[in-house]
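*Asks:* quick one: sequence plus predicted model below, questions after.
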Amino acid sequence: MKISWLGHAAFLLETTSGTKIITDPYQTGSYSGAVKYDPINIKPNIVTVSHQHFDHNYIDKMRGANIVDKEGVYKILDVEIEGILSYHDNKKGAERGKNIIFIIKADNLKVVHFGDLGTTDLNYEKLKDIDVAFLPVGGTFTIDASYATAILEKINPRITIPMHFKTKKLLFDIDPVDIFLKDKDFDERTTIEVNISNINSFKKIVLLQHLR
């Protein structure tokens, strides 16, 4: 599976059979121009949407794709996706609503996208044996670096890719990734290609460069 970070919480996953999955596509220019990542301009087969905010749900240019934005189990092409309920805050959604965590199984890998997770109150039984985890680390609207680290210590994914943090192309008042990475061993790459044979050759944390 080839994994690329487009920006913010949007990733492109490409399976060995050619299926393209995009997670949480952002709307360029949303929130009064705070989201400055370039348009995605990719035609995916599948799109996952963790919640209905403009920096995570821009599917207007993705007509024809299978949109998965609810809880449940979905089998699409060579991919199985399970959406499980979580929350955008630590008050069971009272402040910012629900958030769907997506467990994506393809190419014999278990990949988990945590969306805009705002709590550590999770169904940890569902979060075992994760190969790749996409986890927000910027705080304010999601868990911050310390909570993200605590979750990682519980679920111990083989690879963690941080997301949803401040960059030159994201002007939200959230933390940069450096706070999460402090005192952690990590690797920085443009994209990664992962399979069950080579996954242990990667460091536990991989920082991807955004492609948009």
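*Replies:* Arrived safely.
*Asks:* what are the contacting residues of the longest helix along the chain?
*Replies:* Ranked by number of residues, the top helix in the chain under DSSP state H is helix 145-155. Residues lying outside helix 145-155 but in contact with it, judged by CB atoms under 8 Å, 6 or more residues apart in numbering, are 120, 122, 124, 127-128, 130, 133, 135-137, 139, 143, 160, 162, 175, 179-180, 182. Heads up, the C-betas are built off the backbone N, CA and C, glycines and all.
*Asks:* quick one: mean pLDDT over the one helix or strand Ile3 maps to.
*Replies:* Here Ile3 sits within strand 2-7, counting by DSSP states H and E. Averaging pLDDT along strand 2-7 yields 98.
*Asks:* where are the low-confidence patches of the protein?
*Replies:* 93-94, 97 (pLDDT under 70).
*Asks:* please repeat the previous calculation with a cut-off of 80.
*Replies:* Scanning the chain for pLDDT under 80 picks out 89-97.
*Asks:* for it, just list every one of the strands.
*Replies:* 2-7, 10-14, 20-23, 46-48, 66-68, 72-76, 79-87, 98-106, 109-113, 132-136, 159-163, 186-189, 191-193, 205-208 (DSSP state E).
*Asks:* other residues contacting the strand holding Ile3?
*Replies:* 11-14, 22, 25-26, 37-38, 40, 42, 111, 132, 161, 163, 167, 169-170, 190-194, 208-212.
*Asks:* which parts of it are buried?
*Replies:* Within strand 2-7, the residues scored as buried using 16 or more other CB atoms under 10 Å are Ile3, Ser4, Trp5, Leu6, Gly7.
*Asks:* of the residues you listed, which is the nearest to Ala106?
*Replies:* Taking CB to CB as the measure, Ile3 is the one of the buried residues of strand 2-7 closest to Ala106, at 11.2 Å.
*Asks:* picking that back up, compute the inter-axis angle for the longest helix of the chain and strand 159-163.
*Replies:* With axes from the mean of the first three to the mean of the last three CA atoms, to 10 degrees applied, the angle from helix 145-155 to strand 159-163 works out at 160 degrees.
*Asks:* mind listing what's buried in helix 145-155?
*Replies:* Ala145, Tyr147, Ala148, Thr149, Ile151, Leu152, Ile155.
*Asks:* ok, back up a step: between the buried residues of strand 2-7, which is nearest His53?
*Replies:* Out of those, the member with the shortest distance to His53 (by CB to CB) is Gly7, at 14.9 Å.
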